[in-house]
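Visitor: Structure of the sequence below:
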Amino acid sequence: MSDDDMRSAGEADGHAGRGAAVVVGGGLAGITAALSLADAGLRVTLLEGRPRLGGLAFSFKRGELTVDNGQHVYLRCCTAYRWFLDRVDGAALAPLQERLDVPVLDADRNRLGRLRRTALPVPLHLAASLATYPHLSLAERANVGRAALALKGLDPADPKLDGQDFGSWLAAHGQSARAIEALWDLVGVATLNAVAGDSSLGLAAMVFKTGLLSEPGAADIGWARVPLGDLHDTLARKALDSAGVRTELRTRVTSISRTENGGWKVEVPGEEFAADTVVLAVPQHETHDLLPDGVLDEPDRLLDIDTAPILNIHVVYDRKVLKRPFFAAIGSPVQWVFDRTDASGLTDGQYLALSQSAAQDEIDAPVAALRERYLPELERLLPAAHGAEVRDFFVTRERTATFAPTPGVGRLRPGARTKAPGLYLAGAWTATGWPATMESAVRSGISAADAALRALDRPRDHLFDVEEAA
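Guide: Predicted structure coming up:
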């Protein structure tokens, strides 16, 4: 087939040739790249292999319930994801806390503590909470304060930090095993998807400096009060349509190659697309398989970026057993528990979702074994669950939920640009400086679009400035 026989990415609106772009992948990175390119006047086609948009932050139906595959949250410091919510008109559906307030239940000691902030400047905004945090001794609290100040002095971009593990750094700075469990891992496991000993010091420093040690409100938590699919699929598709993006679902790309005229050919079963710009916004292993030869110096490095699983346990009770919207637990295999009753559409009883990060030991466990382990734990944490009928218990598993933030991963993560003009990479696993979060995915899409628009000498005034927000 000749270049002239291929369909241009912009053919749907009667245009072809210069300014046509194809985005491969309809997760948050791909959606963001497509919107950003279309807003700059390019004719964009978005190709997604699944029957929906949203990547690994999606919803599905289970009977009458609308279920998120996993509980996702963001923080006030996640400025790019907040821009995304605004761009798809979804900010009101995923509001932030007025101020950080995290209930932390100690299952062994049957005690409730809270991590919350005041309006005082950093680091005083957390001083009162830390001073009264009942899950640590007075000496442990003092040591946490000293470690936090030392962490504040680190530069997350320093390559030396990437090769060190966070757990060793914490131990060297006087942090007890209890302090790591009750504070550092409480935050770190949820954001990094790894315990401190398995996490790059550079990524951990970035998380704690940005979230807890930058602005008083940086760690205020936001989450969707509707199914994730409402945001990342329904509203995102509406925004793409309004921007003029042609979106093709159930369309898996099989190859990407250069054309004789210097453009790009993107092949799917039974069809080919011609474009001047291609953004490849799929997971690292799929990216490796689609990359043409010679576009990265060491493409096999992508295969060295490991993945980490997240397990979500869903429990529907016949009555209300939790008064709070969420809580975190220590002294228990339970990590974080969210009330998803209203978001799921449940009208009778209560639906709780347990988010279990760094779940390597349980990701393949049988549902019966997980039920036997976690229902008694919920009763231990929530006395109101005693005697409550469990109407449904099910599990969702994301075996490759995130890239693993292991020491040394930073040198493996490529930037948006490749050696081939017109071909760009996006995805939470690329070199955003962030761990594998929704924020990282959106930032990567913006960075890829920015690199493409610079190369095309197109206006970039509409783009969210990831560098300024860093």
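Visitor: What number of residues are in the vicinity of the closest residue to Pro325 other than its chain neighbours?
Guide: Spatially, and ignoring its direct neighbours in sequence, Pro325 is nearest to Asp339 (5.4 Å; Cβ to Cβ, 6 or more residues apart in numbering). Where you see a C-beta, it was placed from the backbone N, CA and C, and this is true even at glycine. For Asp339, the tally of surrounding residues (other Cβ atoms under 10 Å) stands at 19.
Visitor: And Asp339, its phi and psi?
Guide: phi -80, psi 110 (degrees, to the nearest 10).
Visitor: cool, Asp392 as well?
Guide: Torsion angles at Asp392 (phi, psi; degrees, to the nearest 10) stand at phi -160, psi 140.
Visitor: That one bridge partners, please.
Guide: Val316 (DSSP bridges).
Visitor: Could you check how far it is from Gly63?
Guide: 8 Å (Cβ to Cβ, to the nearest Å).
Visitor: So which of these two has more stuff around it?
Guide: A direct count of neighbours by other Cβ under 10 Å for Asp392 and Gly63 places Asp392 higher, at 14 against 8.
Visitor: My read is that the more buried one contacts His314, right?
Guide: Yes: Asp392 is within contact range of His314, at 7.2 Å (criterion: Cβ atoms under 8 Å).
Visitor: Return the alpha-carbon coordinates of the lengthiest helix in the chain using CSV.
Guide: The residue-count maximum for a helix in the chain (DSSP state H) belongs to helix 438-456. Below are the C-alpha coordinates for helix 438-456, written out as CSV (Å, rounded to 0.1, in the frame of the first residue of the first chain):
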residue,chain,number,x,y,z
MET,A,438,-2.6,9.7,37.7
GLU,A,439,-0.6,12.9,38.1
SER,A,440,2.4,11.3,36.4
ALA,A,441,0.2,10.0,33.5
VAL,A,442,-1.3,13.5,32.8
ARG,A,443,2.1,15.2,33.1
SER,A,444,3.6,12.7,30.6
GLY,A,445,0.8,13.4,28.1
ILE,A,446,1.4,17.2,28.4
SER,A,447,5.1,16.7,28.0
ALA,A,448,4.7,14.6,24.9
ALA,A,449,2.3,17.2,23.4
ASP,A,450,4.7,20.0,24.3
ALA,A,451,7.6,18.3,22.6
ALA,A,452,5.5,17.6,19.5
LEU,A,453,4.2,21.2,19.3
ARG,A,454,7.8,22.6,19.7
ALA,A,455,8.9,20.5,16.8
LEU,A,456,6.0,21.6,14.6
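Visitor: measure Trp169 to Gly163 for me?
Guide: 12 Å.
Visitor: Who has more neighbours out of the two?
Guide: Shown here are Trp169 and Gly163; by other Cβ under 10 Å, Trp169 has more neighbours (20 against 15).
Visitor: tell me the SS of the residue lying closest to Arg141 once chain neighbours are set aside?
Guide: Once flanking residues are discounted, Arg141 sits nearest to Leu130: 5.6 Å by Cβ to Cβ, 6+ apart. When classified by DSSP: H, G, I helix; E, B strand; the rest coil, Leu130 comes out as helix.
Visitor: ok, Leu130 - contacts?
Guide: Counting by Cβ atoms under 8 Å, 6 or more residues apart in numbering, Leu130 touches Arg141, Val144, Gly145.
Visitor: could you redo the last one with a cut-off of 10 Å?
Guide: Leu130 makes contact with Leu115, Pro123, Leu136, Glu140, Arg141, Ala142, Val144, Gly145, Ala148, Leu183 under the criterion Cβ atoms under 10 Å, 6 or more residues apart in numbering.
Visitor: repeat for Asp198
Guide: Shown in contact with Asp198 (Cβ under 10 Å, 6+ apart): 165-167, 188-189, 192, 308, 358, 360, 404-407.
Visitor: out of the residues you listed, which are inside strands?
Guide: Ala308 (DSSP state E).
Visitor: Among the contacts of Asp198, name the ones in helices.
Guide: Per DSSP H, the contacts of Asp198 map to helices at Phe166, Gly167, Gly188, Val189, Leu192.
Visitor: Next one: the third one from Val442, what distance?
Guide: If you measure Gly188 against Val442 using Cβ to Cβ, the figure is 21 Å.
Visitor: between those two, which one's more packed in?
Guide: Each of Gly188 and Val442 has its neighbours counted (other Cβ under 10 Å); Val442 has more, 33 against 27.
Visitor: what's the closest non-adjacent residue to the more buried one?
Guide: Of all residues not flanking Val442 in the chain, Ala80 sits nearest, at 4.3 Å (Cβ to Cβ, 6+ apart).
Visitor: what's the burial count for that neighbour?
Guide: 28.
Visitor: need the contact list for it.
Guide: 28, 32, 74, 432, 434, 437-447, 464-466, 469-470.
Visitor: Now, of those residues, which are buried?
Guide: Buried members of the contacts of Ala80, counted by 16 or more other Cβ atoms under 10 Å: 28, 32, 74, 432, 434, 437-447, 464, 466.
Visitor: before we move on, back to that, who touches both of Asp392 and His314?
Guide: Listed as contacting both Asp392 and His314 by Cβ under 10 Å, 6+ apart are Arg62, Leu65, Tyr351.
Visitor: And the helices in the stretch 101-250 of the chain?
Guide: Secondary structure of the stretch 101-250 of the chain (DSSP state H, counting those that start in this stretch): helices at 127-131, 138-152, 159-162, 166-172, 177-179, 185-192, 201-212, 228-229, 236-242.
Visitor: got the ones you listed as a markdown table, with mean pLDDT and distance to Pro333 columns?
Guide: Below are these laid out as a markdown table (pLDDT from 0 to 100; distance: least, Cβ to Cβ, whole Å):
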| stretch | mean pLDDT | distance to Pro333 |
| --- | --- | --- |
| helix 127-131 | 94 | 25 |
| helix 138-152 | 96 | 22 |
| helix 159-162 | 97 | 30 |
| helix 166-172 | 98 | 20 |
| helix 177-179 | 97 | 17 |
| helix 185-192 | 97 | 12 |
| helix 201-212 | 97 | 22 |
| helix 228-229 | 98 | 25 |
| helix 236-242 | 98 | 34 |
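Visitor: Distance to Leu85 added to the ones you listed, as JSON lines?
Guide: Below are these laid out as JSON lines (distance: least, Cβ to Cβ, whole Å):
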{"stretch": "helix 127-131", "distance to Leu85": "27"}
{"stretch": "helix 138-152", "distance to Leu85": "29"}
{"stretch": "helix 159-162", "distance to Leu85": "30"}
{"stretch": "helix 166-172", "distance to Leu85": "30"}
{"stretch": "helix 177-179", "distance to Leu85": "34"}
{"stretch": "helix 185-192", "distance to Leu85": "19"}
{"stretch": "helix 201-212", "distance to Leu85": "18"}
{"stretch": "helix 228-229", "distance to Leu85": "12"}
{"stretch": "helix 236-242", "distance to Leu85": "10"}
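Visitor: Tell me how far the closest residue to Arg111 other than its chain neighbours lies from Leu115.
Guide: By the measure of Cβ to Cβ, 6+ apart, the closest residue to Arg111 outside its immediate chain neighbours is Pro134, 5.3 Å from it. Per Cβ to Cβ, Pro134 is found 11 Å from Leu115.
Visitor: and these two? which has more neighbours close in?
Guide: Leu115 (21 against 13).
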